[in-house]
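Colleague: Following is a predicted model, sequence given first.
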Amino acid sequence: MSYGLALDVDRIRREALQTMSAGPATTRYGLDTERVVSVLNDVVAAEVVGWLRYTRHAGSAERVDRSVVSELFTRHAEREMSHAVATAERIGELGGQPNFDPATLAQRAHTDYAAPDDGELRAMLEQNLLAARIVVSTYQEIARWLGDRDPTTRRLVESVLEEEEQNAHALAELLDA
């Protein structure tokens, strides 16, 4: 049994020519592009809500003289926004429109925005850890759903997932300290 790779470049070329006006190349993978865009817009919402939550918590932690935690929240907020922007760019590549509508962000996000009192540092850490764990689980499911049918989007989700796992780990360490 041979496991070698044999590419039929002529066939691939013919298929590529046939799909020149069909939109993004990803449509060839058998996914419903509108559904992928909808799922990714929910990711955008989750990331923007995460950015809002971390940004609020960073300011609160700074006011209670917890600069280490404030700096961590600030780094996490920056990651969340970069995730939202990267996901929005992918939505555009798929021919969709990124949805940053503030009126629907909270309903579409996988996580909640919570703002405990400034002095409740443990509550902030717990809320962010819960949100990170929710996002990790949902992004794992999204990556599995995408599978090999849209490897570009799956890799994006997996790269965001990796950073979210790092965020969760850092938050858990602070809670255990």
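Modeller: Done, it's in.
Colleague: could you say what helices and strands the lengthiest helix in the chain packs with?
Modeller: For the chain, the helix with the greatest residue count under DSSP state H is helix 33-63. Packing contacts for helix 33-63, counted by 3 or more Cβ pairs under 8 Å, 6 or more residues apart in numbering; DSSP states H and E, involve helix 67-93, helix 105-108, helix 121-146, helix 151-176. For every residue, glycine as well, the C-beta is placed using N, CA and C.
Colleague: what about A84, distance to G50?
Modeller: In this view, A84 and G50 are 8 Å apart by Cβ to Cβ, to the nearest Å.
Colleague: of these two, who's got more company?
Modeller: Ranked by neighbour count (other Cβ atoms under 10 Å), A84 and G50 place G50 first, with 27 against 22.
Colleague: Does T111 belong to a helix, a strand or coil?
Modeller: Following DSSP: H, G, I helix; E, B strand; the rest coil, the label given to T111 is coil.
Colleague: one step back: save the helices and strands packed on helix 33-63 as a markdown table, and put in mean pLDDT and distance to V44 too.
Modeller: As requested, these are exported to a markdown table (pLDDT from 0 to 100; distance: least, Cβ to Cβ, whole Å):
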| stretch | mean pLDDT | distance to V44 |
| --- | --- | --- |
| helix 67-93 | 94 | 5 |
| helix 105-108 | 94 | 8 |
| helix 121-146 | 94 | 12 |
| helix 151-176 | 94 | 11 |
